[in-house]
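> Need a 3D model of the sequence below.
(chains A and B)
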Amino acid sequence: MSSSIYKTLFLCLVLPTTISVSAAEKKKEEVVKVPLYQGIQIGFDLVSPASYLISDSYGVDIKADINLWNKYFPTVELGYADFDKTSEDGINCTSSGQYFKVGINKALSYRGNKAEDLFFAGIHYGFSSFSYNLDNLVYYPNYWGYDNITSFQDQEATTGWIELVAGVRIQIIGPISLGWTAQYKSTLHVSDGRNSIPAYIPGYGENFKPKLGMAFHLYYRLPF
Amino acid sequence: MIYDNETLSELALELNPKVQETKYVVQAIAGGDLYADTLTLKYTNQPWFQSMECGCMVFSTLETFWTTGIIFKSATILNPKVINQKTEHVVLNL
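Numbering: from 1, shown residues only, chains lettered A, B, ... in the order given. Below you'll find the predicted structure:
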């Protein structure tokens, strides 16, 4: 009986001490300040250059993000895309052009001193100015017939879109990482060509909205 | 012939996209007499590619529309942009 009273007293004395020690450790952890600049990661898109094997487009894409406090990752992305598609009706559309994206990602969770492993979400704005050609166009027939075949060359358009992204980046070895990003895209503004609505937007894809996408990047962390 | 011996409150008349003027002749019988009127539409055309699925069409903009005044006293353009078949573009006054 007396033994159990002693045990209870011991627990009553030790438990608050343990809790207060844990709280102190937590406070110590919280006061560790992560410096503002944590490095730059350069990403190379692995899929776009070979995507003509499975789709009607291909391109190159490179991006850079700056790690701030292991929390925020302002990002810039530049790319070039080429599109060549023929519809079932024989309409051929070719398009090519550059694009850029700017945005910011927020770390939802990370591991490592410099967030080497990272789970993030972000918002990006994309912009592209490009030209395209439409060939083998057949007019919709009406009472007067009109089965002429025509083409619209050198159509020019500019487009802006928004991307909501979420992704992961995992360190493979040293400064090398691999990552994928899921994208939800929607056009904000599309300036049409002289005689057409652009069928394809470099950096965005076929002109539908909303649109889902996926990107795989190989990252290299700069040594400074 | 687009309409044959029909009682109509509206007409759907397609514009010839190859030219900038289309004429239609309307004939009507009243009191045993045959009356004929010619509707003349002048317009400009813009070829337009909509999408890979919908293909290509011609949008027109009506500039003038007149009748010979036998059946229809006048014509009023309500909506000059002819980009679909649903909108009412012209009113004919008897």
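
> switch to C-alpha atoms for all contacts and neighbour counts from now on
Will do.

> Mean confidence (pLDDT) on the one helix or strand residue A:217 maps to, please.
Using DSSP states H and E, residue A:217 sits within strand A:211-221. Computed over strand A:211-221, the mean pLDDT rounds to 94.

> what are the pairing partners of that strand, and which direction each?
Sheet pairing of strand A:211-221 (DSSP bridges) gives strand A:37-45 (antiparallel), strand A:176-191 (antiparallel).

> now the strands: where do they sit in chain A?
A:37-45, A:57-68, A:72-86, A:92-111, A:117-138, A:149-173, A:176-191, A:200-201, A:205-206, A:211-221 (DSSP state E).

> just those: most buried one?
Of all the strands of chain A, strand A:200-201 has the most neighbours on average by mean count of other C-alpha atoms under 10 Å in any protein chain shown, namely a mean of 28.

> Distance from that one to the middle of the chain?
Centroid separation between strand A:200-201 and its chain, computed with C-alpha atoms, centre = their mean, to the nearest Å, is 17 Å.

> related to what we said a few turns ago, can you redo the strands of chain A as JSON lines with distance to residue B:21?
Formatted as JSON lines, those follow (distance: least, C-alpha to C-alpha, whole Å):
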{"stretch": "strand A:37-45", "distance to residue B:21": "54"}
{"stretch": "strand A:57-68", "distance to residue B:21": "42"}
{"stretch": "strand A:72-86", "distance to residue B:21": "34"}
{"stretch": "strand A:92-111", "distance to residue B:21": "31"}
{"stretch": "strand A:117-138", "distance to residue B:21": "22"}
{"stretch": "strand A:149-173", "distance to residue B:21": "21"}
{"stretch": "strand A:176-191", "distance to residue B:21": "30"}
{"stretch": "strand A:200-201", "distance to residue B:21": "35"}
{"stretch": "strand A:205-206", "distance to residue B:21": "37"}
{"stretch": "strand A:211-221", "distance to residue B:21": "42"}
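
> Contact residues of chain B facing chain A?
B:14-18, B:46-53, B:55-58 (C-alpha under 8 Å from any C-alpha of the partner chain).
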